[in-house]
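> Make a model of this:
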Amino acid sequence: MLILDCSSRTQVLHTLSAGFGCPPEKLKKVLLSLDLESIYELNPLQLVDAPQYLREYVCAELGEPGPFTRALWFHGTRTFAGNTFPAGLLALNQSESLAMKMLLDLAPNEMVRTHLKEWDIPGAFRMRCFSSEPAIKSTGGLLAI
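You can find the predicted model right below:
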């Protein structure tokens, strides 16, 4: 049973390397051998986004990782209790609509639900949390919900 533990950089390295079946130093060496910034600077028309490029690169070097059965403690993320991340970790552009649906389903009342629906536009989660719009200002932004 593989558990992805992201409570620290060391734990991430150790649990990911276990998934790839290699020592942590080997995974670290593979990760450090790739300069994503220069790849995208040299080829601005790169059709694969950076997380996918990184995954494909590491898998080409180390093979496919084993399946992780649980995921623990992701920095800066919020999810519902018991989520085992069955679809994996999704990029913001893939998870934004799912997060909005979850927020709407969990809204404590119709007023909050109405404000959420007003914010349900592409890129809304990437907006600044504080706005001069009265509806947003009165609730303190997305982080206040």
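> Now find how far off-centre stretch 55-75 is within its chain.
Centroid separation for stretch 55-75 versus its chain: 13 Å, with CA atoms, centre = their mean, to the nearest Å.
> Give me the contact list for that stretch.
1-7, 15-16, 19-22, 26-27, 30-31, 34, 48, 84-85, 89 (CB atoms under 8 Å, 6 or more residues apart in numbering). For glycine as for every other residue, the C-beta is placed from the backbone atoms N, C-alpha and C.
> which of these count as buried?
By neighbour count, with 16 or more other CB atoms under 10 Å, those hold 2, 4-6, 15-16, 19-20, 22, 27, 30 as buried.
> could you measure L31 against G82, distance?
L31 sits 30 Å away from G82, going by CB to CB, to the nearest Å.
> do the same with K29
36 Å.
> Between these two, which is the more surrounded one?
K29 (12 against 5; other CB atoms under 10 Å).
> In PDB, please show the C-alpha coordinates belonging to the helix or strand hosting the more buried one.
Here K29 sits within helix 24-32, counting by DSSP states H and E. Output of helix 24-32 as PDB, limited to C-alpha atoms (Å, rounded to 0.1, in the frame of the first residue of the first chain):
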ATOM      1  CA  PRO A  24      15.100   9.100  -3.000                       C
ATOM      2  CA  GLU A  25      18.500  10.300  -4.300                       C
ATOM      3  CA  LYS A  26      17.800   8.800  -7.700                       C
ATOM      4  CA  LEU A  27      14.400  10.600  -8.000                       C
ATOM      5  CA  LYS A  28      16.000  13.800  -6.800                       C
ATOM      6  CA  LYS A  29      18.700  13.500  -9.500                       C
ATOM      7  CA  VAL A  30      16.000  12.900 -12.200                       C
ATOM      8  CA  LEU A  31      14.000  15.900 -11.000                       C
ATOM      9  CA  LEU A  32      17.000  18.200 -10.900                       C
END
